[in-house]
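Participant: Turn this into a model:
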Amino acid sequence: MILLSPAWTSLLYLAASVCFILALRGLSSPRSARRGNLIGALGAVIAVVTVFLSVRLANIPWILAAIAVGSLVAAPVARRVKMTQMPQLVALFNGVGGGAAALVAFLELDHAPDPWLRLAIVFTLLVGAVSFAGSAVTFAKLQELITTRPILFPGLPVLMAAVLVAAVAAAAVVMATGSTALAVALLVLGLAAGTLLVLPVGGADVPIVISLLNAFTGLAVAASGVVLGNVLLVVAGTLVGASGTILTRAMAAAMGRSVAGILFGAFRGGSTAGSTVVSERPVRSSSPEDVAVLLGYAQHVIIVPGYGLAVAQGQHTAAELAQALEARGITVEFAIHPVAGRMPGHMNVLLAEANVPYESLKEMGEINGEFKTADVALVVGANDVVNPAAKSSPGSPIYGMPILEVAAARQVVFLKRSMRPGFAGIENELLYEPQTSLLFGDAKESLAKVLGAVKAL
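Facilitator: Take a look at the predicted model:
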């Protein structure tokens, strides 16, 4: 078999790296996200093919079989997953990446006599294991295989500290001696640390932790690139680590929280808990016909989509309603909060899927000043991102979180399944204000009824 020269290998790796950078650039906007995703996939193909053409590989049939099995599993899962389940799929794939990096580092331990190379190995072992276990727990929480509420038990902080101290000690010994037995112990401690890190996180904080663990996986992959002497892995891992860190900080800022507060807030009662308590306070209910009259005779309507819209798969009906209102000469805009749904961009993707024009999707900083001129704010399946407690209740777990200024609209209509609080587990006082009315039911069904009533006006 003729192998590529080092010059051609470096050139192809450079091309793959450029593809990864352009992919991140494309993913920064819904308008270019599809193109960015395809460019990233092209970069991955170039990288894999280059490895086959530049390295004398053993056990090629086993490698090809593994690729085939992985493709047969991943392709159907990725095609069939619902948009509402995308965060847990991201968590699952991210965890697999971290676990793979850890296993590669473990297998390279016997071939690393240099202590500094072992430093990269123990770093990959520990961080990759933390990412794998933590991602598995976030998947279980988002899939509701375990409770989304923070899981706490007496002595948890002490146990976490003990595991971290033991992990650092084991890492130091592995670095000095190359002990395989202690490397296994380090992997186990990393798995325990990842599990304990995520268990106390609840509710709306889980997607932020996914982003943090994604950054961990990137760092583990970059370190594995050092172990294998592969520049492309270093570049790709660094890109993932940096972008994951930036996204984590952006999401935390959008929630008005610190990353430390998100990870350890439950120990002092500050983590979002996803309460199941249902309020019995009276509210003003509306019928679809009442809501249709409000909307049909308005001049300016702002629709605020939330996770309830995503769960009900009501984005197409929301788009039809917007079109019906615009046909009556009404200005319709969609207000997008940075953490609406379960991941940044979640609402943008859903609404773009329903062919809502990008010009109608307004980010929080752009739309907040317009609520005071809106005749109706239609809140579809959102709660915490419009809750005035973020500004008025210092003791609230969402206090300080930037919100959409829905309360400034002349009329506010909430489409809700029930009076159950949002992920933060607190009531929304806006629900009880005189300008607010509620239409109960599945978001998609309620929107369809409102749409029919608007067309009948």
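Participant: For the rest of this, base every contact and every neighbour count on C-alpha atoms.
Facilitator: Fine.
Participant: Give me the packing partners of the lengthiest helix in the chain, helices and strands only.
Facilitator: For the chain, the longest helix by residue count, based on DSSP state H, is helix 115-142. In terms of contacts (3 or more C-alpha pairs under 8 Å, 6 or more residues apart in numbering; DSSP states H and E), helix 115-142 is packed against helix 86-108, helix 156-177, helix 180-198, helix 206-228.
Participant: I'd like the ones you listed as a markdown table, with mean pLDDT appended.
Facilitator: A markdown table is the format used below for the helices and strands packed on helix 115-142 (pLDDT from 0 to 100):
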| stretch | mean pLDDT |
| --- | --- |
| helix 86-108 | 90 |
| helix 156-177 | 92 |
| helix 180-198 | 94 |
| helix 206-228 | 91 |
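Participant: Settle this for me: Val450 is touching Ser286, isn't it.
Facilitator: No - Val450 lies out of contact with Ser286 (C-alpha atoms under 8 Å); the separation is 10.8 Å.
Participant: ok, those two, which is more surrounded?
Facilitator: Val450 (25 against 16; other C-alpha atoms under 10 Å).
Participant: Let me know the secondary structure of the more buried one.
Facilitator: helix (DSSP: H, G, I helix; E, B strand; the rest coil).
Participant: Measure how buried the residue nearest to it when sequence neighbours are not counted is and give me the count.
Facilitator: The spatial neighbour of Val450 that comes closest, neighbours along the chain excluded (C-alpha to C-alpha, 6 or more residues apart in numbering), is Pro288 at 4.8 Å. A count of neighbours around Pro288, defined by other C-alpha under 10 Å, yields 20.
Participant: coming back round to it: give me whichever of the helices and strands packed on helix 115-142 is most buried.
Facilitator: Neighbour counts (mean count of other C-alpha atoms under 10 Å) averaged over each of the helices and strands packed on helix 115-142 peak at helix 206-228, with a mean of 27.
Participant: Check which helices and strands that one is in contact with.
Facilitator: Under the contact rule (3+ C-alpha pairs under 8 Å, 6+ apart), helix 206-228 is packed against helix 86-108, helix 115-142, helix 231-254.
Participant: cutoff 10 Å now
Facilitator: Counting contacts by 3 or more C-alpha pairs under 10 Å, 6 or more residues apart in numbering; DSSP states H and E, helix 206-228 packs against helix 86-108, helix 115-142, helix 180-198, helix 231-254, helix 259-264.
Participant: Using TSV, lay out the ones you listed together with distance to Ile208.
Facilitator: Formatted as TSV, the helices and strands packed on helix 206-228 follow (distance: least, C-alpha to C-alpha, whole Å):
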stretch	distance to Ile208
helix 86-108	10
helix 115-142	10
helix 180-198	11
helix 231-254	6
helix 259-264	8
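Participant: Minimum distance to Phe334: which of those has it?
Facilitator: Among the helices and strands packed on helix 206-228, helix 231-254 comes nearest to Phe334, with 18.0 Å by C-alpha to C-alpha.
Participant: Could you pull out the buried residues of that closest one?
Facilitator: For helix 231-254, a neighbour-count test (16 or more other C-alpha atoms under 10 Å) marks 231-245, 247-254 as buried.
Participant: by how many degrees do it and helix 206-228 diverge?
Facilitator: Counting by axes from the mean of the first three to the mean of the last three C-alpha atoms, to 10 degrees, helix 231-254 lies at 160 degrees to helix 206-228.
Participant: In CSV, could you pull the C-alpha coordinates for helix 231-254?
Facilitator: Taking C-alpha atoms only, helix 231-254 is exported to CSV below (Å, rounded to 0.1, in the frame of the first residue of the first chain):
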residue,chain,number,x,y,z
VAL,A,231,-2.0,17.7,14.9
LEU,A,232,-5.5,17.5,13.6
LEU,A,233,-6.9,16.1,16.8
VAL,A,234,-5.2,18.9,18.7
VAL,A,235,-6.8,21.5,16.4
ALA,A,236,-10.3,19.9,16.4
GLY,A,237,-10.3,19.3,20.1
THR,A,238,-9.1,22.8,20.9
LEU,A,239,-11.9,24.2,18.6
VAL,A,240,-14.5,22.1,20.4
GLY,A,241,-13.1,23.0,23.9
ALA,A,242,-13.0,26.7,23.1
SER,A,243,-16.5,26.9,21.5
GLY,A,244,-18.0,24.8,24.3
THR,A,245,-16.5,27.1,26.9
ILE,A,246,-17.7,30.2,25.1
LEU,A,247,-21.2,28.7,24.7
THR,A,248,-21.3,27.6,28.4
ARG,A,249,-20.5,31.1,29.5
ALA,A,250,-23.0,32.6,27.1
MET,A,251,-25.8,30.3,28.3
ALA,A,252,-24.9,31.0,32.0
ALA,A,253,-25.0,34.7,31.3
ALA,A,254,-28.4,34.3,29.6
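Participant: Now do the closest residue to Gln411 other than its chain neighbours against Ala448, distance only.
Facilitator: Leaving aside its chain neighbours, Gln411 sits nearest to Val376 (4.7 Å; criterion: C-alpha to C-alpha, 6+ apart). Separation of Val376 from Ala448 (C-alpha to C-alpha, to the nearest Å): 18 Å.
Participant: Quick one: list the elements packing against the lowest-mean-pLDDT helix or strand in the chain.
Facilitator: Within the chain, no helix or strand scores below helix 259-264, which has a mean of 77 by mean pLDDT, DSSP states H and E. On a contact count with 3+ C-alpha pairs under 10 Å, 6+ apart, helix 259-264 meets helix 180-198, helix 206-228, helix 231-254.
Participant: possible to save those helices as JSON lines with distance to Val49?
Facilitator: As requested, those are arranged in JSON lines below (distance: least, C-alpha to C-alpha, whole Å):
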{"stretch": "helix 180-198", "distance to Val49": "30"}
{"stretch": "helix 206-228", "distance to Val49": "17"}
{"stretch": "helix 231-254", "distance to Val49": "13"}
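Participant: With that, I have no additional questions.
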